[in-house]
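K.L.:
Here is my input, please return the structure:
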Amino acid sequence: MYAIIDCNSFYVSCELSFRPDLMDSPVVVLSNNDGCVVSRNSEAKRLGIPMAAPAFKYKKVFRNHDVKVFSSNYSLYGDMSTRVMCILENFSAKIEIYSIDEAFIEIPDFITNYVSYGKEIRDTLHRYTGIPTSIGIATTKTLAKVANNVAKKFQHKTKGVFFIDSEEKRIKTLKWTIINDVWGIGAGHSKKLVHKGIKTAYDFIQLDDHWIKRNMTVSELRLKQELSGKSILRLDDISHKKTIATTRSFEYTFSDYENIKERISTFAYSCAEKLRKQESSCSEIYVFLRSNRYKKEAVQYRVGKLLNLPYATDSTLVIIDYAIKALKAIYKPGIDYKRAGVILMGLKKAGTNQLDLFENENPKHKPLMKVLDRLNEKYGAYKIKIANQDLDRTWKMKQEHLSPQYTSKLSDILQVNCELK
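P.N.:
All right, here's what the predicted structure looks like:
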């Protein structure tokens, strides 16, 4: 039996955990550089503010309805996510962290009352973090996702927990779930299915297996089996990504090489850190630059460069070095650049690298990277940097509505006035 725990409007919920005075007010959180809405509470949804709404277009709505606007506070959200996942580990030894605000767990065999178990998880998370959740429970991961959608849609009726505990309930839930909302079916396949007359998850499981194999992929065939109640997808204890990327829009447009170089170095630094966390090494690196596509009158320039590394590595020094080599090959002066990114590819498990007779990594890099990671973990992220990085700011973004880092910065910790009057 599987459960998926999904934090409701996670970014907004993190902000409201420390601002209970805004609990009944419309609240939105904006994306990088305060671009568009990426999280909304129910009050904001009732005002008709859609997901991905451009902030500049909705300024009047925000002002007229007294909507509280926050910039994305990734330090806070990352720390709150870690707290949520640590609490979930107390309820199951088998957990798969699916995203920053979602996790699957395998329910222990000794549990008999699954709804009570789900409510206990939900109550515990809310008590210790203030974050509301929706929990779906079923015999397969895909059905658990469907159940989670029901729990989220009908909060008052389900109390945030929905368990597909009978064949009748499974069929009814699948008939309610539109094909676009089925986990694992992308937009392209959704259009194809709708064109064929497949409008719900129940319609989907009526399809012939041969048609799915011929027109889709084996992944969709597995989804059909999962929706039919046959457990195919198991928990991934450690989800190893096939690529690791750090991409950002700049706070302002940059045209000078040194500013771009500093950003690429920082992105490469971040990628290398993520690479070591999942105990992988990379053999390819891709660097790209983008001009500001919204400025139609400006020169448009979109370019990228893929470099093959001479050996697989997880060294920050090597990765930054090759990222800068790629940048030199694609940088063009006189262009106003707005976005850039670094993507690591050709990932493999660290320690399985093929040795080369003539060219290998400096043996001093391994212990050096361990010290680097240990110091950053002890004293805070990005305390130790490479010399060509900005020492004052790691992520340069427009954040006019940034909240305090309540849980990760000592000066931002809440102070309680305990004076007796």
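K.L.:
Can you name the residues that contact Lys396?
P.N.:
Contacts here follow Cβ atoms under 8 Å, 6 or more residues apart in numbering; on that basis Lys396 touches 250-251, 263, 390. Every C-beta, even on glycine, is put in place using the N, C-alpha and C of the backbone.
K.L.:
Can you classify it by secondary structure?
P.N.:
Under DSSP: H, G, I helix; E, B strand; the rest coil, the three-state class of Lys396 is coil.
K.L.:
Work out for me the element Arg374 sits within.
P.N.:
Element membership of Arg374 [criterion: DSSP states H and E] is helix 365-379.
K.L.:
Just list what that helix packs against, helices and strands only.
P.N.:
helix 257-277, helix 316-330 (3 or more Cβ pairs under 8 Å, 6 or more residues apart in numbering; DSSP states H and E).
K.L.:
Mind listing what's buried along the helix or strand just after the last one?
P.N.:
Using DSSP H and E, the helix or strand that follows helix 316-330 towards the C-terminus is strand 337-345. The neighbour-count check on strand 337-345 (16 or more other Cβ atoms under 10 Å) flags 337-344 as buried.
K.L.:
I'd like the helices and strands packed on helix 365-379 laid out as JSON lines, including mean neighbour count.
P.N.:
Output for the helices and strands packed on helix 365-379, formatted as JSON lines (neighbours: other Cβ atoms under 10 Å):
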{"stretch": "helix 257-277", "mean neighbour count": "20"}
{"stretch": "helix 316-330", "mean neighbour count": "19"}
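K.L.:
Out of the helices and strands in the protein, which is least certain?
P.N.:
strand 348-349 (a mean of 84; mean pLDDT, DSSP states H and E).
K.L.:
That strand pairs with which strands, and in what direction?
P.N.:
The strands beside strand 348-349 in its sheet (DSSP bridges) come out as strand 280-291 (antiparallel).
K.L.:
Next, the angle helix 257-277 makes with the partner strand.
P.N.:
Orientation check (axes from the mean of the first three to the mean of the last three Cα atoms, to 10 degrees): strand 280-291 against helix 257-277 gives 150 degrees.
K.L.:
who does the next helix or strand after strand 280-291 touch, helix- and strand-wise?
P.N.:
As assigned by DSSP H and E, the chain's next helix or strand after strand 280-291 is strand 302-313. Counting contacts by 3+ Cβ pairs under 8 Å, 6+ apart, strand 302-313 is packed against strand 280-291, helix 316-330.
K.L.:
try 10 Å this time
P.N.:
With contacts taken as 3 or more Cβ pairs under 10 Å, 6 or more residues apart in numbering; DSSP states H and E, strand 302-313 sits against strand 280-291, helix 316-330, strand 337-345, helix 365-379.
K.L.:
Listing partners with orientation, what would you give for that strand?
P.N.:
Paired neighbours of strand 302-313 in the sheet (DSSP bridges): strand 280-291 (antiparallel).
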